[in-house]
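Asks: Whatever this is, show me its structure:
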Amino acid sequence: MSVAEIQRVVAQRRGLDPRMLRRKGKQPAAIAAARDEAIWLAREATGFSLPLLGRLFGGLHHTSVLAALRRAGRRPAPEPARTTQVRLREIEAAVAGLRAELAELRLVLARAGAWPPLSV
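Replies: Numbers count the residues shown, from 1 in each chain. I've put the predicted structure just below:
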């Protein structure tokens, strides 16, 4: 699973635009909490270095990524029984659902003669 997919799913679950998770600087608590969660999930899923995660989240300094990981680790889970693997499976299921919706849209567009798009 890519970092972009994690950002998209976390943002969608929290009713945010994924671009909000890639903004630098101080953000409202809801956006900061979502960004912290996405950073934590991305680190767990990919094992990417802190500087690389910082670049993928809008150019954050590696110490900001470390702080986000620490904050995400201290937050109480919405349901105490949830583990990282359960959360990742939920995100993967959401991504699979989005891919299915995209396939459906492509089929509808193909039937209407609008897919594949014309190359420029």
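
Asks: What about residue 86? Give its phi and psi, please.
Replies: Main-chain dihedrals, residue 86, degrees, to the nearest 10: phi -60, psi -40.

Asks: That one and residue 92, how far apart?
Replies: Taking C-beta to C-beta, to the nearest Å as the criterion, residue 86 is separated from residue 92 by 11 Å. From N, CA and C alone the C-beta is placed, and that goes for glycine too.

Asks: for residue 13, same thing?
Replies: Residue 13 is 13 Å from residue 92, where distance means C-beta to C-beta.

Asks: can you check residue 110 too?
Replies: Using C-beta to C-beta, residue 110 is found at 27 Å from residue 92.

Asks: Who has more neighbours out of the two?
Replies: Higher neighbour count among residue 110 and residue 92: residue 92, with 15 against 11, using other C-beta atoms under 10 Å.

Asks: Settle this for me: that one is touching residue 1, isn't it.
Replies: Yes. At 6.0 Å, residue 92 counts as touching residue 1 under the criterion of C-beta atoms under 8 Å.
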